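Chemist: with the sequence up front, the predicted model follows.
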Amino acid sequence: MTTTRPAVDESTAPDVTDAVRVRAVRRTFTADLTPVRALRGVDLDVGAGEFVAVMGPSGCGKSTLLNIIAGLDAADEGTVEVAGERIDGRDEAWLARFRRRHVGIVFQFFNLLDGVSALDNIVLPGVLGGMRRKAAESRARELLDLLGLGDRTEQVPAVLSGGQRQRLAIARALVNSPTLLLADEPTGALDSDGGLEVLELFRRLHDSGQTVIMVTHSAEVASGADRRVLLRDGHVVDGAGETPAP
Amino acid sequence: MRIELRLRWPSLVALALLITLATGTVLAAFAGARRGDSALRRLADRTLPATAYVQMYQPGFDWKPIRHYPDVTALATYVQVDAKLAGIPVSNLAVALLAGDDQWTRTIERPVVLDGRLARPDQPDEAVVTQGFVSRYGHGVGDTVTAELPSIEQQGLISIDAPAPAGPHVPLHIVGIVRSPWFADGGGLRGRLLPSAAFLAKYRANLFNEKLSWFDALVRLRGGEAAIPAFTRHLIRRTKNPDLIVGDLVDDRRHRQRTASFEARWLVAFGAVALVAGLVLVGQAVARHVATNAANLDVLRALGMTPAEEVVAASVGPVLAAAAGSSLAAAGAWYASGWFPIGIAADSEPNPGRQVDALVFGLGWLGAVSLVGLGATVAAWRALRTRRAAVASRTSVVASLAARAQLPVPIVIGSRFAFETGGGRATVPVRQALLAAVAGVIGVVAAATFSAGVTEAVANPVRFGQTHQLEVWLGFQGEDIAPHDTLEVVARDRDVTGVNDWHYGSGALADGSTLPMSTYQAVREPMPVVLLSGRMPATAQEIALAPNSADAAGAHVGSTVAVTGTKQTRHLRVTGIAFVTAASHCTACTDHATGAWVTSGAFDSLFRRYQFRLGEITLRPGADVGKVAARLHRAIAAHFGPAADVPLAAPFRPAATEEVQQLRALPIALGAFLVALAIGALAHALLTVVRRRRRELGVWRALGMTGRQVRAVVVTQASVIALVGLAFGIPLGIALGRAAWRAVADYTPLQFAAPAAALASLVVVPLALLLANLLAAWPGHQAARPRVAEVLRAE
């Protein structure tokens, strides 16, 4: 796909109020030859520095929405603006470079690099994001200290606990200081202690000004967020934020 | 079982095909080796082979009384000629001998008929040919060739500038393709034609000079090889001709058998390499298949399946795949049997074409199924014991170094993929790919190195002891046919750097074995000789032995050997081991590794007269042989007058040249097999990485890696594997190629020169990298496809 829009300027972040602006987004999949309408016209605004929990039952389209905001999936219809940039209709390479700068993602099952030290799990994405290795290492150590993993730098993910792994995944998501931190069921694979630990971490990040969108089906986890957005059958039924202009 | 067949049939089909390839290659090689090793014996069993040949050198000799000698069970006469076939250079010796009677092909050397029939003895226009004649000249059964017969004046002369045959042009109908131990391709001759006995009878005036020509004979002795000495004594007594030569054809077949066995051992080595490679490849594939099966059996275990039943259930698929694959392999080996035997044995196979080797195929089938069954059972047992155990992959040092060196992330990740096996479901056969890459490069470089050795040796007759480029025919049976100072005139030419006055006599060692003896007598400058150790003889008490004769006599430099000539037996001191000059004038002297050099004094003390006399002429490097020959002709004519027609010819190509050439195919085939193996393993590893590490690649995409960078990861992985293959494969391949060439050089024997490997080493680097990148193109494209969310959701 080609685009006539300007390339991502990675040197300066645009001055925006809304970190995310989603308008009339629709997305339909085909599963076993049957169309599944995951999103049926979603509108959502997330302000800079806001901590939003997207909730809803299984299959309501939460993860699809998150993937579209991350540029990992493309909407069939509608517009998506992240950090002041329209990301709908962009090609894969542009989206990849955009993610390096503006989006950090935390997955339910961590998705860490097996066989790679905790430090390098953070450093390599930092280098990919354009940092020098030394700077990336410094940033990684800073994040590991911040997230309580300062003594685990050389250990591989396999020997860490679930909570530690998720903290490591969060550190990785933060290495490039993204505009937006997206988390898909970040506590889903953790026990209750681990879940609380991670939730507390998100709160701390939010307190420091980080914009966070977290997908969860747990009301308890969602209670830590500023705002809860409820999705059902591909529609936002509550908490969409600013009403879109007609 | 049914569930597995339904769900995992593509994997089982792939496994069966892998087993087919590996088992088929091994079966074909082992069956081919067995067939090649036995070909000559089977041919001899069917063809009443001659025990000896007799070169009589006695015009007008009557063979009838010899036929009645008690130990002679069969005797056939023949005459050596230089007849020309239209379109075939006379130097190719397509018609080198003619049957003197109808015994040949009936009571002695009765050939197997590969196609058509034998020529009728009363039909002068019928002939049979060897298979080499068909493949070399394109004329087979039903075709007609034209024999251009010499005029009487032209008989017996082979010369570079010989005039066209001036005798009758006779059509010869090819009625059969035949083969016997004596009448076969090989030994420097490829493509022979044998007209019926009636041909010689009809055109005797053109082909046989009653005053100068004579009949030689093939004999079959009741007492076999052991009866040859007594038969020889009887002949000498009867003919009063001590210069006749009785050649031991049993020994000749023994030499050919030794070469065929050597080639068969090469083939066995090829099969063994294929077997080891197959064991590794198939073993890993079976282990992976079984491990995946074992994981899928969790549900059935929960439903009450016992561990033993689980092992059986996990193993039965690979066993069935092995049965199917081995059956296909046997069929493939049967098809491939049409290409065997190879090398010298190909000219001796009495039943060419496809054959079933029931023993090899049967044992191979059983072995393959048993090994796969055993491997699958062990793998299933281990997989069931260790399932669910988290396996952490070891971190690659190279990838860590790449990261420390601040190389781009795709290169770091690609390096990890090349070296790290991963764990659990993400396990990738990187060791297999790395080993296969090393093996592939070893195969190519070793084959190229070996091939360079063959090419250099074949193009350089010096390796076979032939240091001269021209021969001048000087005399026969002690009678000079050229003017006395011919070689003096020859030696004055500006392009002539050495001349040897070669006298030939057939001597014998103490054990009775033939010792072809040559004089080493320089005219002006000496002809160089390939000395393997010591020095050339300088006095009448000294001798230099060719390596095979030294072995036969148990002699070495400094020892003394007893040598018998036509005059007496003498004890001579061995001063050196050297190759002798191979010549076509007698069967015994075609081998450069059998014979001896002596001075003229020693020769004269041993022999009443020489049998052949040649001038061996060494030319300046780069000299045009044809121009020098013409110039020498003119010089001789100018010196001795136009009547001095001294024939000049190119020297005989040593028989071992062809044998060495035939060995080239095996290393090339082995190299091709290893390359195919490397391609398969690398492609498999790359595809497996893309499939099993799609989660990690998806994560990288989510972290901001572009499609191009993902492709770079796969390309890096392929390139790193190729580089590892090159780093280890080039030196090992050169060493292996040189060792193999050294083994052939020692065996043949020939003068060893380390084959040049630089070109192969240089060429293989870009080729390997190019191949690796081509192989990475499709997996890279697959990995870069934009479906990140799908992949992450599925995983």
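Modeler: Perfect, I can see it now.

Chemist: residue of chain A closest to chain B, please.
Modeler: A:Arg100 (3.2 Å; C-beta to the nearest C-beta). Glycine gets a C-beta too; all of them are placed from N, C-alpha and C.

Chemist: any idea how many residues pack against the residue of the stretch 501-650 of chain B found nearest chain A?
Modeler: Per C-beta to the nearest C-beta, B:Leu532 is where the stretch 501-650 of chain B lies closest to chain A, at 57.4 Å. For B:Leu532, the neighbour count with other C-beta atoms under 10 Å in any protein chain shown is 19.

Chemist: re the thing from before, and for the residue of chain A closest to chain B, the neighbour number?
Modeler: 23.

Chemist: ok, it - contacts?
Modeler: A:Glu10, A:Leu128, A:Gly129, A:Gly130, A:Asn176, B:Leu703, B:Gly704 (C-beta atoms under 8 Å, 6 or more residues apart in numbering or on different chains).

Chemist: how close does the closest residue to it other than its chain neighbours get to B:Gln717?
Modeler: With C-beta to C-beta, 6 or more residues apart in numbering or on different chains as the criterion, A:Arg100 has its nearest non-adjacent residue at 3.2 Å, and that residue is B:Gly704. For B:Gly704, the distance to B:Gln717 equals 20 Å [C-beta to C-beta, to the nearest Å].

Chemist: just the pLDDT for the residue of chain A positioned farthest from its centre.
Modeler: Going by C-alpha atoms, centre = their mean, the residue of chain A most distant from its centre is A:Leu33, 30.0 Å out. As predicted, A:Leu33 sits at a pLDDT of 71.

Chemist: point out where the stretch 351-500 of chain B drops to low pLDDT.
Modeler: Within the stretch 351-500 of chain B, the stretches with pLDDT under 70 are B:386-395, B:423-429.

Chemist: helices along that one, start to end?
Modeler: B:358-386, B:397-404, B:409-419, B:430-459, B:486-491 (DSSP state H, counting those that start in this stretch).

Chemist: which SSE is B:Arg570 in?
Modeler: Element membership for B:Arg570, per DSSP states H and E: strand B:569-578.

Chemist: isn't B:Ala745 up against B:Ala739?
Modeler: No - B:Ala745 lies out of contact with B:Ala739 (C-beta atoms under 8 Å); the separation is 10.5 Å.

Chemist: these two: who's more crowded?
Modeler: B:Ala745 (19 against 13).

Chemist: figure out which of the helices of the stretch 351-500 of chain B is closest to B:Ala269.
Modeler: Closest approach to B:Ala269 among the helices of the stretch 351-500 of chain B (C-beta to C-beta): helix B:430-459, 11.9 Å.

Chemist: any idea of the angle that closest one forms with helix B:409-419?
Modeler: Calculated by axes from the mean of the first three to the mean of the last three C-alpha atoms, to 10 degrees, helix B:430-459 forms an angle of 80 degrees with helix B:409-419.

Chemist: helix B:430-459 - contacts with which helices or strands?
Modeler: helix B:249-296, helix B:409-419, helix B:655-662, helix B:665-692, helix B:707-747, helix B:758-783 (3 or more C-beta pairs under 8 Å, 6 or more residues apart in numbering or on different chains; DSSP states H and E).

Chemist: chain center to that helix: distance?
Modeler: Chain-centre distance of helix B:430-459: 17 Å, with C-alpha atoms, centre = their mean, to the nearest Å.

Chemist: and for stretch A:85-103?
Modeler: 13 Å.

Chemist: which residues does the residue positioned nearest the centre of chain A bridge with?
Modeler: Nearest to the geometric centre of chain A sits A:Leu182, at 1.5 Å (C-alpha atoms, centre = their mean). Judged by DSSP bridges, the bridge partners of A:Leu182 are A:Ile105, A:Ile213.

Chemist: per-residue confidence for it?
Modeler: For A:Leu182, the model assigns a pLDDT of 93.

Chemist: then B:Tyr137?
Modeler: Reading off the model, B:Tyr137 has pLDDT 88.

Chemist: burial measure for the closest residue to it other than its chain neighbours, as a count.
Modeler: In space, and not counting its chain neighbours, B:Tyr137 is closest to B:Gly191: 5.7 Å by C-beta to C-beta, 6+ apart. Other residues within reach of B:Gly191, judged by other C-beta under 10 Å, total 20.

Chemist: just to check, B:Gly191 is in contact with B:Thr130?
Modeler: Yes - the pair B:Gly191 / B:Thr130 is scored as a contact, 6.5 Å apart, by C-beta under 8 Å.

Chemist: show me which of B:Gly704 and B:Gln717 is the more surrounded one.
Modeler: Each of B:Gly704 and B:Gln717 has its neighbours counted (other C-beta under 10 Å); B:Gln717 has more, 32 against 26.

Chemist: do you know how far the more buried one is from B:Leu723?
Modeler: 11 Å.

Chemist: again, but for B:Ala383
Modeler: For B:Ala383, the distance to B:Leu723 - C-beta to C-beta - is 33 Å.

Chemist: so which of these two has more stuff around it?
Modeler: Between B:Ala383 and B:Leu723, counted using other C-beta under 10 Å, B:Ala383 has the larger neighbour count: 21 against 18.

Chemist: contact partners for that one?
Modeler: B:Ala287, B:Val290, B:Ala291, B:Asn293, B:Ala294, B:Ala295, B:Ala314.

Chemist: what of B:Trp741?
Modeler: B:Trp741 neighbours (C-beta under 8 Å, 6+ apart): B:Thr449, B:Phe450, B:Gly453, B:Val454, B:Phe752, B:Pro755.

Chemist: picking that back up, buried ones only from the contacts of A:Arg100, please, as a ChimeraX command.
Modeler: Selecting the buried subset of the contacts of A:Arg100 in ChimeraX, with 16 or more other C-beta atoms under 10 Å in any protein chain shown as the burial test, is done by:
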select /A:128,129,176 /B:703,704
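
Chemist: just to revisit the earlier point, so which of the contacts of B:Ala383 sits lowest on pLDDT?
Modeler: For these, the least confident entry is B:Ala295, with 64.

Chemist: just say helix, strand or coil for the residue in chain B that chain A sits nearest to.
Modeler: Nearest to chain A, among the residues of chain B, is B:Gly704, at 3.2 Å (C-beta to the nearest C-beta). In three-state terms, and counting by DSSP: H, G, I helix; E, B strand; the rest coil, B:Gly704 is coil.

Chemist: hang on, isn't it packed against A:Trp94?
Modeler: No - using C-beta under 8 Å, B:Gly704 is not in contact with A:Trp94; the gap is 11.0 Å.

Chemist: farthest pair in the contacts of A:Arg100?
Modeler: Maximum distance among the contacts of A:Arg100 (C-beta to C-beta): 14.9 Å, for A:Glu10 and B:Leu703.

Chemist: from B:Arg653, how far out is the residue nearest to the centre of chain A?
Modeler: 79 Å.

Chemist: please point out which parts of the helix or strand of chain A with the lowest mean pLDDT sit buried.
Modeler: In chain A, no helix or strand scores lower on mean pLDDT, DSSP states H and E than strand A:235-238, which sits at a mean of 82. Neighbour counts using 16+ other C-beta under 10 Å place A:His235, A:Val236 of strand A:235-238 among the buried residues.

Chemist: contacts only, for B:Phe361.
Modeler: B:Leu27, B:Ala31, B:Ala330, B:Ala333, B:Trp334.

Chemist: are any of these buried, and if so which?
Modeler: B:Leu27, B:Ala31, B:Ala330, B:Ala333, B:Trp334.

Chemist: check which helix or strand the first one maps to.
Modeler: I take that to be B:Leu27. helix B:2-46.
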